[in-house]
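# return a 3D structure for these sequence lines:
(chains A and B)
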Amino acid sequence: MSKQGVTPRSEDYSAWYNEVVVQAELVDNPEKTPVRGCMIIKPYGYELWEAVKSNLDRRFKETGHQNAYFPLFIPMSFLEKEADHVEGFAPELAVVTHGGGKELAEPYVIRPTSETIIGEAMSRWIQSFRDLPLLLNQWANVVRWEKRTRPFLRTSEFLWQEGHTAHATHDEAQAEALQMLDIYAEFAIEKAAIPVIKGQKSDQERFAGALRSYTIEAMMGDGKALQAGTSHNLGQNFARVFDIQYVDENNEQQYCWTTSWGVSTRMVGAIIMAHGDDQGLRLPPEIAPIQVVLVPIWRKDEEKVGVLEVVDRLRDTLKAKGLRLHVDLRENVTPGYKFNDWEMRGVPVRIEIGPKDVEKGSAAIARRDIPGKAGKEFINQDKVVDHVLQLMVDIQANLLKQATEFRDSNITIVENDYEKFGEILRNNGWALTWFCGGAECENRTKEDFQAVSRCFPLDQPQPAMKGKCICCEGEADRMAYFAKAY
RNA sequence: CGGGGUAUGGCGCAGUUGGUAGCGCGCUGUGUUUGGGACGCAGAGGCCCUCGGUUCGAGUCCGAGUACCCCGACCA
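As a prediction, this is how the structure comes out:
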């Protein structure tokens, strides 16, 4: 790269994002990746995804789910069984027509999601109420042929987990959908430090084939919204078309109630856009692949010996505390280069050890959430471990605090004022307003402001109250967030 | 799927009236450096997107094709 640093966010947010993901080495340069719309996730980016993955996987297992794996290929006829479902996905399907040099009798679809093939399996596996609930999850790749793609946010192939469960009653399925939404929100807030809002999707924005769809909505650094995770109560739609039935206690056949829920590599995009600054990434310590980077500095070989002695000692004591740590021993770049490099990669804490520190028994500690020299201080080497452990907590909390304050300062409650409503949306703000949920109204806001409802928050600001829909002025019993979205 | 643009070392680009390719960064070696993106010296590295045409001669001119990028309509 001939260029140093990235385009400032304020100048061109989109350019900033595209440059950061490449310069922080999360992905291969998309313009060079040979498969259009797909991404090569580089090791550092994949480690970030693994942090998301391992956190969620643990929570899924804690709540009784088991991992399984279903085929990448799905018979075309499976998708066609659920009318809404196939209609929703038809335009973005990749289809395999040939195999082993011969045309297939029935084409396979490369899964855009697995409700159908898992539904078919469930229909064979479930016999009795004793087989329920069936709580499955799979970690997989899926393909949706997207016209415009962006690394992590929208790619033709992406990685995700998709949970699929079957229950005896509507209420159990509903509870499951809400439980998984809670798990997503908890992860987003506590680990990714993104203050997401839990809500229900409007009928227009609902998953194709679902009874109800829920979402965690996150605000990005430019004010736009990003759906960071979803869960669906699929009702009996898939159970009916795939014949997922069980015999209840009274020996009667009943259709199951199913759910599905997913978080994808888009979450990585959310982390980048929720926290990044003009220096690059800022990663929350909880999920940062590298939490602490040690940069040794020396001029002469005799200094090097003393410096490395201190560096090795600090490395060992910090590692003993369970910190994910890296020592940057590169000799072909200067310390200044390294500082910028690690800031671009978003490492929460950097420790610099130079000859002066060896002499004075000190260490320079720089915290990434406060950029540049302002976030740097010199402390006694004896205090480094405690200080760094405290910084992990402080930085985690501070990133969440900053993101929350930013979000709240960009949300405006608006009632009965379509002009003001539009103004908020045009300025990339979020409008919280009464909304009847109707398709006509939503189409109108989309046309007028390129913005639709993000969700009806589960946590309603004025529960039990009613208002006038911002569009049609008809009765609305819930408020919804509207915003431009990724 | 509509509109615009680009294609030349790893990356970013230049290349005049057509004469057989250059700059910066990076890379390799080496020496001096190293506390906020170091410098000197010596090197390596090119099917100029593809096919066809014009010409003694094409990176350059003409034609066709392909790929990609940007802007709009569709989307986890």
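
# all helices in chain A, in order from the N-terminus.
Using DSSP state H, the helices of chain A run over residues A:13-23, A:43-62, A:76-80, A:83-89, A:115-125, A:170-190, A:237-242, A:266-275, A:301-320, A:335-344, A:355-360, A:384-409, A:418-426, A:439-449.

# distance from the chain centre to the fourth one, please.
In this case it means helix A:83-89. Distance of helix A:83-89 from its chain centroid, counting by CA atoms, centre = their mean, to the nearest Å, is 25 Å.

# what about that helix, average pLDDT?
For helix A:83-89, mean pLDDT is 84.

# just the residues contacting that helix, thanks.
A:Leu79, A:Glu80, A:Pro112, A:Thr113, A:Glu115, A:Thr116, A:Arg144, A:Phe207, A:Ala208, A:Gly209, A:Asn237, A:Phe238 (CB atoms under 8 Å, 6 or more residues apart in numbering). Using the backbone N, CA and C atoms, a C-beta is placed for each residue, glycine as well.

# show the buried residues in the residues you listed.
Neighbour-count burial (16 or more other CB atoms under 10 Å) applied to these gives A:Leu79, A:Pro112, A:Thr113, A:Glu115, A:Thr116, A:Arg144, A:Phe207, A:Ala208, A:Gly209, A:Asn237, A:Phe238.

# quick one, which of the helices of chain A is nearest to A:Ile470?
Among the helices of chain A, helix A:418-426 comes nearest to A:Ile470, with 5.3 Å by CB to CB.

# beta partners for the closest residue to A:Gln462 other than its chain neighbours?
Excluding its sequence neighbours, the residue lying closest to A:Gln462 (CB to CB, 6 or more residues apart in numbering) is A:Met479, at 6.8 Å. Beta bridges link A:Met479 to A:Trp434, judged by DSSP bridges.

# between the contacts of helix A:83-89, which is nearest A:Lys356?
Using CB to CB, those come closest to A:Lys356 at A:Arg144, 55.1 Å.

# rewinding a little: from A:Ile189, how far out is the residue nearest to A:Gln462?
Per CB to CB, to the nearest Å, A:Met479 is found 21 Å from A:Ile189.

# quick one on the thing from earlier: turn the buried ones among the contacts of helix A:83-89 into JSON lines, columns for distance to A:Glu172 and pLDDT.
Compiled in JSON lines, these are given as follows (distance: CB to CB, whole Å; pLDDT from 0 to 100):
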{"residue": "A:Leu79", "distance to A:Glu172": "27", "pLDDT": "90"}
{"residue": "A:Pro112", "distance to A:Glu172": "27", "pLDDT": "93"}
{"residue": "A:Thr113", "distance to A:Glu172": "22", "pLDDT": "94"}
{"residue": "A:Glu115", "distance to A:Glu172": "18", "pLDDT": "94"}
{"residue": "A:Thr116", "distance to A:Glu172": "22", "pLDDT": "94"}
{"residue": "A:Arg144", "distance to A:Glu172": "30", "pLDDT": "90"}
{"residue": "A:Phe207", "distance to A:Glu172": "19", "pLDDT": "90"}
{"residue": "A:Ala208", "distance to A:Glu172": "23", "pLDDT": "85"}
{"residue": "A:Gly209", "distance to A:Glu172": "19", "pLDDT": "88"}
{"residue": "A:Asn237", "distance to A:Glu172": "16", "pLDDT": "94"}
{"residue": "A:Phe238", "distance to A:Glu172": "16", "pLDDT": "95"}
